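A.B. asks: Sequence and predicted structure, then a few things I'm wondering about:
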Amino acid sequence: MASGALQALIFDVDGTLAETESVHLEAFNRAFAELGMDWVWTDEMYLHLLDVSGGKERILRYWQQLDPALDAQAVQAQIDLIHACKTTIYENLVNSGRVSLRPGVLALIHEARQAGLKLAIATTTTPVNIAALLRGPLGENWREHFAAIGDAATAPLKKPHPQVYLQVLAELDLPACQCLVIEDSSNGLRAATAAGLATLITTNRYTLHHDFGDALRVVPDLRQVTLAQLRDWQNSWRA
C-alpha cells in the first residue's frame, strides 16, 4: 500500500458524531402518527432496519416486509412524504437540544484543525440533518470546518457501497492512504474499506453486534483518542 502522512479525517454522522438513532426512531414514529399511519417501530425492529443504510430505504424495507408484493416505484411518492415529515420532526428535536456530540468528538475536531488536517463528512443522511446536528456545537459557520461533505444528496448509492467515500476523496484531492475514517457500523466500515480507507470504529448500542474484523481499531468512543494515536494506528495499518 502507498505510504503517506495523515492529512485528513473523514467522519460518518449518525452514531459516530452523535448518538442520534434513538431520536431518529422517535421522529419516524411521530411522522407515522402525524400522517395517520398505524406503523410503530420498536427499538428491536429499528435495530434490524439499521442494517439498511438510508431513511427512505428503511421505510421501503419495512413496507416490503408487510407486503412482499409491493411495487416500490408505486409507493415512492408516499415514502418521500413520510421521510420529509420525519426529517422536519428530527430537525426540531435536535434543535430542542435532544442530541449532543459523542464524547471526544469536539476535542478531536479541534486538535485536527489546529494540526492543519483537513476534515470531511461522508454520510448517508440528509444535508438538513447534518446542519441541524452541527450548528449547535460548531456554530452557524460549521460548514467552514469541513473541506468536503458527501451525503444522501450527493451519493445516492448508500453504504456499504463506497460511492460517498470515493466522492469525498476526490473532493479532498487526497489519496486514501493519507486519510482516516471514523465510523460506527459494519455498512460504514465496508464502504470505507472498499475505498481503500483505514477505519476506526466507535461502537454504540445499535452496532455492538456488528462484524468489525477489518477495522483499524474498535473503541467505545473518542474521549481517549488523540491525533498522535491515530497517526500511529494508521502507520501500523499501512505497514
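C.D. replies: Cool, got the structure.
A.B. asks: Now do the contacts for the nearest residue to Ala153 once chain neighbours are set aside.
C.D. replies: Leaving out its chain neighbours, the residue that sits closest to Ala153 by CB to CB, 6 or more residues apart in numbering is Pro127, at 5.5 Å. Just so you know, the C-beta spots here come from the backbone N, C-alpha and C atoms, and that holds for glycine as well. With contact taken as CB atoms under 8 Å, 6 or more residues apart in numbering, Pro127 is in contact with Ile149, Asp151, Ala152, Ala153.
A.B. asks: again with Ile130
C.D. replies: For Ile130, the contact set (CB under 8 Å, 6+ apart) comprises Val13, Ile121, Thr123, Ile149, Asp151.
A.B. asks: same thing but at 6 Å, please
C.D. replies: By CB atoms under 6 Å, 6 or more residues apart in numbering, the contact list for Ile130 reads Val13.
A.B. asks: Next, the buried residues of the top helix by length along the chain.
C.D. replies: In the chain, ranked by residue count with DSSP state H as the criterion, the top helix is helix 76-95. Buried residues in helix 76-95, counted by 16 or more other CB atoms under 10 Å: Ile79, Ile82, His83, Cys85, Lys86, Thr87, Ile89, Tyr90, Glu91, Leu93, Val94.
A.B. asks: How about stretch 53-66?
C.D. replies: Using 16+ other CB under 10 Å as the burial criterion, the residues of stretch 53-66 that qualify are Ser53, Gly54, Gly55, Lys56, Glu57, Arg58, Ile59, Leu60, Tyr62, Trp63.
A.B. asks: helix/strand/coil for Leu9?
C.D. replies: What DSSP: H, G, I helix; E, B strand; the rest coil gives for Leu9 is strand.
A.B. asks: how about the strands in the protein?
C.D. replies: 8-11, 118-122, 148-150, 179-183, 198-202, 217-219 (DSSP state E).
A.B. asks: Of those strands, which stretch is the most buried?
C.D. replies: Of all the strands of the chain, strand 179-183 carries the top mean neighbour count, a mean of 27, counting by mean count of other CB atoms under 10 Å.
A.B. asks: Give me the angle between that one and strand 198-202.
C.D. replies: With axes from the mean of the first three to the mean of the last three CA atoms, to 10 degrees applied, the angle from strand 179-183 to strand 198-202 works out at 30 degrees.
A.B. asks: Could you tell me the per-residue confidence at Trp237?
C.D. replies: Confidence at Trp237, expressed as pLDDT, is 85.
A.B. asks: Please list all residues in contact with it.
C.D. replies: Listed by CB under 6 Å, 6+ apart, the contact partners of Trp237 are Ala198, Leu216.
A.B. asks: closest to Arg217 among the buried residues of stretch 53-66?
C.D. replies: The closest of the buried residues of stretch 53-66 to Arg217 turns out to be Ser53 (CB to CB; 22.5 Å).
A.B. asks: quick one: the helices in this protein?
C.D. replies: All helices of the chain, identified by DSSP H, fall at 21-34, 43-49, 55-66, 76-95, 105-114, 127-138, 163-172, 186-194, 227-238.
A.B. asks: Give me the contacts around stretch 177-197.
C.D. replies: Applying CB under 6 Å, 6+ apart, the external contacts of stretch 177-197 come out as 1-2, 4, 7-12, 15-16, 53, 159-160, 162, 165-166, 176, 198-202, 204, 207, 210-211, 214-215, 230, 234.
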